[in-house]
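1. Okay, sequence plus prediction incoming.
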Amino acid sequence: MSPSASTTRQVSPPVIAPSAAPFFHAGRPGGVGVVMIHGLTSSPAEVRPIADDLLRREPGLTVSCPLLPGHGTSPEELRRISPESWRTAVAAEVDRVAAHSACISLLGISLGAVLAADRAITDRRVKSLTMLAPVFQLRSVSARLVPLVRHFVRYIKKNPQSRANHLARGLFSYDRYPLDSVYHLMRLARDVRSRLHELDVPTLIAGGRRDRYSRWSAVESLRDSIGAPSVELVECENSGHVLPHEPDAPKLFDAIYRFLCEHHGLGASPDLSR
């Protein structure tokens, strides 16, 4: 190689774990499309049981469970990601599903619920919203210290029981939270919460009584903050945070399907056989 020649370092994209792969099902053209968004440090597997249940009942749906930037790889990768990258990814997935569908329903869990609400406020193609275990206000008192502590501590280990539960269910999840990412979530949640009065599409909100991250009272309080004329609450008495994998999952799946039937005209009558 001559002295004047230069070399360019090739940076390989992060390797995505197979258990964190996104899911997409193209349904009937011009039908209903549902975009499902997972939570912080998790993957599409978190919401996949809902997708499977809906497609069993309504095979013509277009359903997408994308992988958010910084997920499915490593906590170090997630720490480098900004909230705008998450917002951009959700917008792009709505565009993708809208290419197949006449109208869109958004569903999200935890961080995904916040991102789904954020998009539903501004995107006229979104005609309904489902928020599962939304984290507009973190339950832990120590969360108040995150804005300061993140400058000195990069990561915090997850609760061992929470980690064990994820592994037992075969769910991909990081073993620790990047505090910068938690801080991004908190700021994003505060911003979206302040704009919930602008949300004017039918909304379903579900929460678990045993959720360690968000109190049921905080979930209930969202009803009065939302500007939509139709807001439905689903209380999952025996469930924690990962609602699609909790004991009340069948009740939740039925509620989601009824909601979509009512507001998107699915099925002549809900097929609730399980």
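-> It's in. Residues are numbered from 1 along each chain as shown.

2. Can you pull out the residues in contact with the lowest-mean-pLDDT helix or strand in the chain?
-> None of the helices or strands of the chain scores lower by mean pLDDT, DSSP states H and E than helix 160-168, at a mean of 77. For helix 160-168, contacts defined as C-beta atoms under 8 Å, 6 or more residues apart in numbering pick out Ser42, Phe172, Ser173, Asp175, Arg212, Gly240, Val242. C-beta here means a position set from N, CA and C on the backbone, and glycine is covered the same way.

3. who's in contact with the closest residue to the last one other than its chain neighbours?
-> Across the structure, with C-beta to C-beta, 6 or more residues apart in numbering as the measure, the residue nearest Val242 apart from its sequence neighbours is Glu46 (6.3 Å). If you count contacts by C-beta under 8 Å, 6+ apart, Glu46 has them with His38, Gly39, Ile109, Leu171, Val242, Pro244, His245.

4. Just want the phi and psi numbers for the residue nearest to the last one when sequence neighbours are not counted.
-> Of all residues not flanking His245 in the chain, Arg169 sits nearest, at 5.1 Å (C-beta to C-beta, 6+ apart). The main-chain torsion angles of Arg169 are listed as degrees, to the nearest 10 and equal phi -90, psi 0.

5. Kindly tell me how buried Arg169 is, as a neighbour count.
-> As a burial measure, Arg169 scores 15 neighbours (other C-beta atoms under 10 Å).

6. tell me which residues in the strand with the most length in the chain are buried?
-> In the chain, taking DSSP state E as the definition, the longest strand is strand 101-109. Using 16 or more other C-beta atoms under 10 Å as the burial criterion, the residues of strand 101-109 that qualify are Ser101, Cys103, Ile104, Ser105, Leu106, Leu107, Gly108, Ile109.

7. C-alpha coordinates for it, CSV please?
-> Only the C-alpha atoms of strand 101-109 are listed here, as CSV (Å, rounded to 0.1, in the frame of the first residue of the first chain):
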residue,chain,number,x,y,z
SER,A,101,-53.3,-1.0,6.1
ALA,A,102,-56.1,1.5,5.9
CYS,A,103,-55.9,2.3,9.6
ILE,A,104,-53.4,1.7,12.5
SER,A,105,-53.8,0.7,16.1
LEU,A,106,-50.8,1.2,18.4
LEU,A,107,-50.0,-1.0,21.4
GLY,A,108,-47.0,-0.6,23.7
ILE,A,109,-45.8,-1.9,27.1
